[in-house]
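Student: my questions concern the predicted model and sequence given below.
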Amino acid sequence: MSSMAKVKVLPPDVVSKIAAGEVVERPAAVVKELLENALDAGAIKVEVHVKDGGKSSIVIKDNGSGIERADLETIFTRHATSKIKGADDLDNILSLGFRGEALYSIAAVSEVTLKTRAEKSSEAWEMFLKGGHREKFLPAALAGHGTEIRVDEIFFNTPARKKFLKSDSAEFDQILHIVVPYALLYPSLHVVVTHNNRTIYDLAPAASLGARAAACLNLDANHIIESEARLAEEGITLKLLLGDINIQRPRRDQQFIFVNHRPVQHKNIAYHVNEIYKLILPDGVNPFFAVYLELPLEDVDVNIHPTKREVRLRQEGRFTGFLRNTVEHALMTKGQAKAAADIFKFETPAAQIEQGPLSSPELGVPASKIVFAPQQKNGAPVFEADAEASPISRREESYVAPSFFSDHMPAAPALKDRLLQARFIGTFARKYHLFEEGTSLFLVDQHAAQERITFEKFKRQIDSGQVEVQPLLTPLVLKLSPGEMLAWEELKETLKGLGLETTLFGEGAIALQAHPVLLSAPDNVVRALLGGEEIARTDQDTLARRACRASVMAGDMMYASEAAYQLKELMACQDPMTCPHGRPVFVELKEGFLDRQFLRT
Ligand code: ADP
Ligand code: MG
């Protein structure tokens, strides 16, 4: 077997045309690059073994083509790639990689051990590099063809970057966010993922996209609609996995988009699909979906961002209508009706019976309010930022009620007194209560107000260790994704402290046994709490805040007396001006302001 070198260093004029940038900023980035290399090498089985969130080690093993002896000299050189040769190839990229930068960048900041055996070659090789310098090169023993790359001690020589790493669980969560889309994209790929020697995924090849998604995300396959449509002249193929009405998530954490076999982020596609779902889902819940789009290569630009996570589609407008129609048609014709909650037999744990009848619904005690004393605060340090704070919600935190409506914002106590005198005059758009006081019109955001009231009551109960809980006669069973399951294991004691009693319910599911009386939609609440990053370091306050937000219900018409009562409760709050997330609860419109609008002054 002649070993012809396939890897070439790209000439500078080509390099200058490639979107450049940092490749390795955290362990998940390493996993992404190595996984993509394995896929480009035609692997049908990939193993990802992670230790301590990837901080100690990451091993990626594939059974792909392997690397020829002659290429081992070059692969760790900057811009060395076998995937493109010149600038022309940039318009026809079929491989996931093409920049020839990943191995170079990874090796520069870690200790890399590579073992490989090329297809049809009888010899295997092992290489060891530290900080980018080759320290060992020797023959190795490797049964089949393929490549195993081990990355140890990431950022050992760049302590500043190391310092920015988050907790092990948060880093591992990011790794799952890389692996899961590829598992969804390639149902026939055998995917193994372990963390600290524990198997998180062992996904055998699946027969269809839907079957893979069900296995990977722990969803019920019966509630996944598979659909496919084509625009023949344009050369567009669209495959869809659409959760039906029975799959509801508080976050958009199970929405995936693939363009030409590449996981991507695409705001417009996500927007349009979510828009169609508004036809069947209530406010505040989000669907599961996966969009697999194939377009002619010349209609997609993947070279706009170094991580290739974003793509630009040419003639997007034409495609949008087609996408919306296909989604709508599939949902309307193939979706199932909302299923009644599955009934499971309630196994009363022995310990609960010993505690007495109060906590044992099965002994015939009505599911009335009982007082449950949770553990004291777990003493977890308050972490720098609200874990769920996306750039958007962080902006909300600092949101200040727009004062341009009022001539001036009066001092809070006086305002409180005035609001207590205010007369309810109606509800606008099922959202805003209108109150009149003196020469002002007050608009109260009914939901923000309720969130504030619930939050403060809930906080008082938590702080006094007396959360009023409502046991469920039939526990609510929630199927969790592996990521959520890990979060649950870390968080279950804390959840208990918040009055959310959960127990393991077989493989990949938990049962919610009791929830705080104050919180409605407790299943939504549990999911919202398990969905965030940095769970281990999230303080109780943040969790309580998040729980209250997830619990807020869709707008109901309120009677005058209820609206007035809500206002009184609000005024009893310590901090009535904003909701727990910092949005304003009310806005004041002064008569003078309205007069000016009508040119009366
Ligand atoms: P790129 O993927 O952009 O080409 P990389 O730095 O990721 O750049 O990899 C450099 C080269 O090393 C690839 O072009 C490929 O030839 C080879 N290579 C890397 N990983 C593997 C693998 N797992 N199996 C086979 N070849 C690999
Ligand atoms: Mg690569």
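Tutor: Ah, there it is. Ligands and ions are numbered 1, 2, ... in the order given.
Student: which non-adjacent residue is nearest residue 67?
Tutor: Excluding the flanking residues, the one nearest residue 67 by C-beta to C-beta, 6 or more residues apart in numbering is residue 116, at 4.4 Å. Backbone N, C-alpha and C define where each C-beta goes, glycine included.
Student: could you break this protein into its assigned domains?
Tutor: If you go by automatic domain parsing, the domain ranges for the chain are 8-205, 210-334, 368-601.
Student: distance from the chain centre to the longest one, please.
Tutor: What it means is domain 368-601. Put simply, domain 368-601 sits 21 Å off its chain's centre (C-alpha atoms, centre = their mean, to the nearest Å).
Student: residue 422 versus residue 594, what's the distance?
Tutor: Counting by C-beta to C-beta, to the nearest Å, the separation of residue 594 from residue 422 is 16 Å.
Student: more neighbours: the two, which one.
Tutor: Neighbour count, other C-beta atoms under 10 Å: between residue 594 and residue 422, residue 422 has more, with 21 against 14.
Student: what parts of the stretch 451-600 of the chain come near ligand 1?
Tutor: Remark: no part of the stretch 451-600 of the chain is in contact with ligand 1, using C-beta under 6 Å from any ligand atom.
Student: for the stretch 451-600 of the chain, which residue gets nearest to ligand 1?
Tutor: residue 482 (24.5 Å; C-beta to the nearest ligand atom).
Student: give me the neighbour count for residue 89.
Tutor: Residue 89: 16 surrounding residues under other C-beta under 10 Å.
Student: OK, contacts around it?
Tutor: Neighbour list for residue 89: 83, 98 [criterion: C-beta atoms under 8 Å, 6 or more residues apart in numbering].
Student: surely it is in a helix?
Tutor: Yes. Under DSSP: H, G, I helix; E, B strand; the rest coil, residue 89 falls within a helix.
Student: how close does it get to residue 104?
Tutor: The spacing between residue 89 and residue 104, counted by C-beta to C-beta, is 19 Å.
Student: still on that earlier bit, turn the domains of the chain into CSV, including mean pLDDT.
Tutor: Shown next, in CSV, are the domains of the chain (pLDDT from 0 to 100):
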stretch, mean pLDDT
domain 8-205, 90
domain 210-334, 88
domain 368-601, 75
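Student: nearest to ligand 2, of those domains?
Tutor: Of all these, domain 8-205 sits nearest to ligand 2, with 2.8 Å by C-beta to the ion.
Student: what is the end-to-end distance of the closest one?
Tutor: Using C-alpha to C-alpha, to the nearest Å, the end-to-end distance of domain 8-205 comes to 34 Å.
Student: can you check stretch 297-311 too?
Tutor: End-to-end span of stretch 297-311 (C-alpha to C-alpha): 12 Å.
Student: now do the strands in the stretch 151-300 of the chain.
Tutor: For the stretch 151-300 of the chain, the strands defined by DSSP state E, counting those that start in this stretch cover 190-195, 198-203, 224-231, 236-243, 255-259, 263-264, 289-294, 300-301.
Student: dump these to TSV, plus mean neighbour count.
Tutor: Listed next are the strands of the stretch 151-300 of the chain as TSV, based on neighbours: other C-beta atoms under 10 Å:
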stretch	mean neighbour count
strand 190-195	20
strand 198-203	14
strand 224-231	17
strand 236-243	21
strand 255-259	20
strand 263-264	22
strand 289-294	22
strand 300-301	18
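Student: okay if I get those as a markdown table plus distance to residue 167?
Tutor: Putting the strands of the stretch 151-300 of the chain into a markdown table (distance: least, C-beta to C-beta, whole Å) gives the following:
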| stretch | distance to residue 167 |
| --- | --- |
| strand 190-195 | 13 |
| strand 198-203 | 16 |
| strand 224-231 | 32 |
| strand 236-243 | 30 |
| strand 255-259 | 25 |
| strand 263-264 | 24 |
| strand 289-294 | 29 |
| strand 300-301 | 36 |
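Student: could you dump those into CSV and include distance to ligand 2?
Tutor: Formatted as CSV, those follow (distance: least, C-beta to the ion, whole Å):
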stretch, distance to ligand 2
strand 190-195, 18
strand 198-203, 22
strand 224-231, 30
strand 236-243, 26
strand 255-259, 18
strand 263-264, 15
strand 289-294, 22
strand 300-301, 19
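Student: so for residue 437, which of these sits nearest?
Tutor: strand 255-259 (44.5 Å; C-beta to C-beta).
Student: direction included, what does that closest one pair against?
Tutor: Applying DSSP bridges, strand 255-259 is found paired with strand 263-264 (antiparallel), strand 289-294 (parallel).
Student: tell me what angle that strand forms with strand 236-243.
Tutor: With axes from the mean of the first three to the mean of the last three C-alpha atoms, to 10 degrees defining the directions, strand 255-259 sits at 170 degrees from strand 236-243.
Student: show me what strand 255-259 is in contact with.
Tutor: The contact list for strand 255-259 (C-beta under 8 Å, 6+ apart) reads 181, 184-185, 263-266, 269-270, 273-274, 286-295, 300, 311, 313.
Student: mind listing the strands for the stretch 351-500 of the chain?
Tutor: 370-372, 423-428, 432-437, 440-445, 467-479.
Student: export the strands paired with strand 255-259 as a markdown table, with columns for distance to ligand 1.
Tutor: Formatted as a markdown table, these follow (distance: least, C-beta to the nearest ligand atom, whole Å):
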| stretch | distance to ligand 1 |
| --- | --- |
| strand 263-264 | 16 |
| strand 289-294 | 22 |
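Student: need phi/psi at residue 599.
Tutor: Dihedral pair for residue 599: phi 50, psi 40, per degrees, to the nearest 10.
Student: so what's it up against?
Tutor: If a contact means C-beta under 8 Å, 6+ apart, then residue 599 has no contacts.
Student: which of the strands of the stretch 351-500 of the chain sits closest to residue 240?
Tutor: Short answer: strand 467-479, nearest of these by C-beta to C-beta, at 21.5 Å.
Student: any buried residues in that closest one, and which?
Tutor: 467, 469, 470, 471, 472, 475, 476, 477, 478, 479 (16 or more other C-beta atoms under 10 Å).
Student: what is the nearest of these to residue 433?
Tutor: Closest approach to residue 433 among these (C-beta to C-beta): residue 470, at 27.5 Å.
Student: surely that closest one touches residue 512?
Tutor: No. Between residue 470 and residue 512 there is no contact under C-beta atoms under 8 Å: 10.7 Å.
Student: got a list of what the residue nearest the centre of the chain touches?
Tutor: A centroid search over the chain (C-alpha atoms, centre = their mean) returns residue 253, at 3.6 Å, as the residue closest to the centre. By C-beta under 8 Å, 6+ apart, the residues touching residue 253 are residue 531.
Student: equivalent analysis for residue 330, please.
Tutor: Listed by C-beta under 8 Å, 6+ apart, the contact set of residue 330 reads 225, 227, 240, 242.
Student: run the last query once more with 10 Å
Tutor: With contacts defined as C-beta atoms under 10 Å, 6 or more residues apart in numbering, residue 330 is in contact with 225, 226, 227, 228, 229, 240, 241, 242, 244, 276.
Student: just flag the most distant two among those.
Tutor: For the contacts of residue 330, the farthest-apart pair by C-beta to C-beta is 229 and 244; their separation is 17.9 Å.
Student: I'd say residue 512 and residue 479 touch.
Tutor: No. Counting by C-beta atoms under 10 Å, residue 512 stays clear of residue 479, with 12.0 Å between them.
Student: what residues are shared contacts of those two?
Tutor: Both residue 512 and residue 479 are contacted by residue 505, under the criterion C-beta under 10 Å, 6+ apart.
Student: so which residues of the stretch 1-150 of the chain form strands?
Tutor: In chain order, the stretch 1-150 of the chain shows strands spanning 8-9, 45-51, 57-62, 80-81, 111-117, 124-130, 133-140, 146-152, with DSSP E, counting those that start in this stretch as the criterion.
Student: once you drop chain neighbours, what's closest to residue 438?
Tutor: Counting by C-beta to C-beta, 6+ apart, residue 418 is the residue found nearest to residue 438 once chain neighbours are left out, at 6.6 Å.
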